[in-house]
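In: for reference, the sequence and a predicted model appear below.
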Amino acid sequence: MRILTAAFFVLFAQFSLAADLTEADVKHWTDAMPGLQAWLTQHEDQMPDTMPDGTQGIEEMINQGVQDLKSAGLYDEYNSKVKAAGYSSVEDWASATQRVSMAYLALELESQPVSLAQLEAQLKQIQESDLPAEQKDMMTQMMSSSIIMMKAVSKVSDADKNAVRPYKDQLQASFDAE
């Protein structure tokens, strides 16, 4: 039991002490991403065809991507690629991807006049509507996904957003190309 408790505290301490993104981190990610994305695109037909159901956050989707690499037997090869790109592992790269993506989304949402309360009110309206069940389910799933994303994005630090801000246009072009 002591070992489990110690392991928990070590993991928690590592998570809670995660440093904010720097501009150098974002530049590193933007420089590495084209080659890494090209490899993923080249191997996408070998990956499991798992589609998110819309209830996952970015972290869960990225974790699923790592699991898909393992399931497809591609993890070791991709791990070599991310190490060559300067990351310690696929998980390290995935963490950077998550943080850069979340900070980018936070900046995008700052310019949107939609609040969490508005999304929750819209979800309630959908759930109470007389729409056909299939349409209601689809709209509920989409709205729930937006709410999950909004909640996650609200936790992004100002430092992470400030690190991403100079790269916002470059990231927009990169995300649009995917």
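Out: Alright, I've got the coordinates. Numbering: from 1, shown residues only.

In: for the chain, which helix or strand comes out least confident on mean pLDDT?
Out: In the chain, no helix or strand scores lower on mean pLDDT, DSSP states H and E than helix 2-16, which sits at a mean of 35.

In: would you mark the buried spots in the helix or strand encompassing residue 108?
Out: Per DSSP states H and E, residue 108 falls inside helix 90-110. Within helix 90-110, the residues that count as buried by 16 or more other CB atoms under 10 Å are 90, 93-107, 109. Backbone N, C-alpha and C define where each C-beta goes, glycine included.

In: can you check stretch 70-88 too?
Out: By 16+ other CB under 10 Å, the buried positions in stretch 70-88 come out as 72, 74-75, 78-79, 81-82, 85, 87.

In: how about those in a markdown table, adding secondary structure?
Out: A markdown table is the format used below for those (DSSP: H, G, I helix; E, B strand; the rest coil):
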| residue | secondary structure |
| --- | --- |
| 72 | coil |
| 74 | coil |
| 75 | helix |
| 78 | helix |
| 79 | helix |
| 81 | helix |
| 82 | helix |
| 85 | coil |
| 87 | coil |
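
In: and which of the residues you listed is nearest to residue 66?
Out: residue 75 (7.5 Å; CB to CB).

In: nearest spatial neighbour of the closest one, chain-adjacent residues omitted?
Out: Spatial nearest neighbour of residue 75, chain neighbours left out: residue 69 (4.3 Å); criterion: CB to CB, 6 or more residues apart in numbering.

In: isn't that neighbour right next to residue 48, touching?
Out: No: between residue 69 and residue 48 there is no contact under CB atoms under 8 Å: 9.5 Å.

In: residues in contact with the nearest residue to residue 99 once chain neighbours are set aside?
Out: Residue nearest to residue 99 in three dimensions, not counting chain neighbours: residue 21, with 5.6 Å by CB to CB, 6+ apart. Listed by CB atoms under 8 Å, 6 or more residues apart in numbering, the contact set of residue 21 reads 99-100, 103, 159-160, 163-164.
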